[in-house]
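Undergrad: coords below, sequence missing:
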């Protein structure tokens, strides 16, 4: 499987099964350790911390850019120094490769 961060999301309008627990676990191993599957492998989430509001907001904007360009949108909550990101693929009520691709792209932001 190619590196997740180099792949692009594909439109998902349903009609395909969500990733199995085993598939999700295999993809999770390719991400930074902060990511966790949640809700019985129906969601993928991570928390990020920054030194100030400027860096926090810059990160949120970069994540928004990824979401727009990949047309796959997470739930994002943030405060002064913290960001929580949660992905799921609503059309299939579970996780898809798109969730992991976007997470890998986010990982590239914080390791760059």
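TA: Structure's in. What do you need? Just so it is clear, the model here is predicted, and its values are computed rather than measured. Numbering: from 1, shown residues only.
Undergrad: and the strands in this protein, which stretches?
TA: For the chain, the strands defined by DSSP state E occupy 36-38, 43-49, 75-78, 82-87.
Undergrad: I'd like the ones you listed written out as TSV, with mean pLDDT and distance to residue 56 added.
TA: From N, CA and C alone the C-beta is placed, and that goes for glycine too. Below are the strands of the chain laid out as TSV (pLDDT from 0 to 100; distance: least, Cβ to Cβ, whole Å):
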stretch	mean pLDDT	distance to residue 56
strand 36-38	95	21
strand 43-49	98	8
strand 75-78	98	6
strand 82-87	98	6
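Undergrad: would you list every one of the helices in the protein?
TA: 21-28, 53-70, 97-111 (DSSP state H).
Undergrad: and of these, who's closest to residue 7?
TA: helix 97-111 (5.0 Å; Cβ to Cβ).
Undergrad: with adjacent residues omitted, what lies nearest to residue 100?
TA: Nearest residue to residue 100, sequence neighbours excluded (Cβ to Cβ, 6 or more residues apart in numbering): residue 27, at 4.2 Å.
Undergrad: my guess is that neighbour meets residue 19, correct?
TA: Yes. Between residue 27 and residue 19 there is a contact under Cβ atoms under 8 Å: 7.1 Å.
Undergrad: find residues that contact each of the two.
TA: With contacts taken as Cβ atoms under 8 Å, 6 or more residues apart in numbering, residue 27 and residue 19 have residue 97 as neighbours in common.
Undergrad: count the neighbours of the nearest residue to residue 12 once chain neighbours are set aside for me.
TA: Take residue 12 and drop its neighbours on the chain: the residue closest to it by Cβ to Cβ, 6+ apart is residue 91, 5.0 Å away. Residue 91 sits with 15 neighbouring residues when counted by other Cβ atoms under 10 Å.
Undergrad: residues contacting residue 91?
TA: 12, 13, 14.
Undergrad: quick one, grab the pLDDT at residue 1.
TA: Per-residue confidence (pLDDT) for residue 1: 43.
Undergrad: begin at 765 from here
TA: Got it, first residue is 765 now, which makes that one residue 765.
Undergrad: need the nearest residue in space to residue 780, chain neighbours excluded.
TA: Nearest one to residue 780, counting by Cβ to Cβ, 6+ apart, is residue 856 at 6.1 Å.
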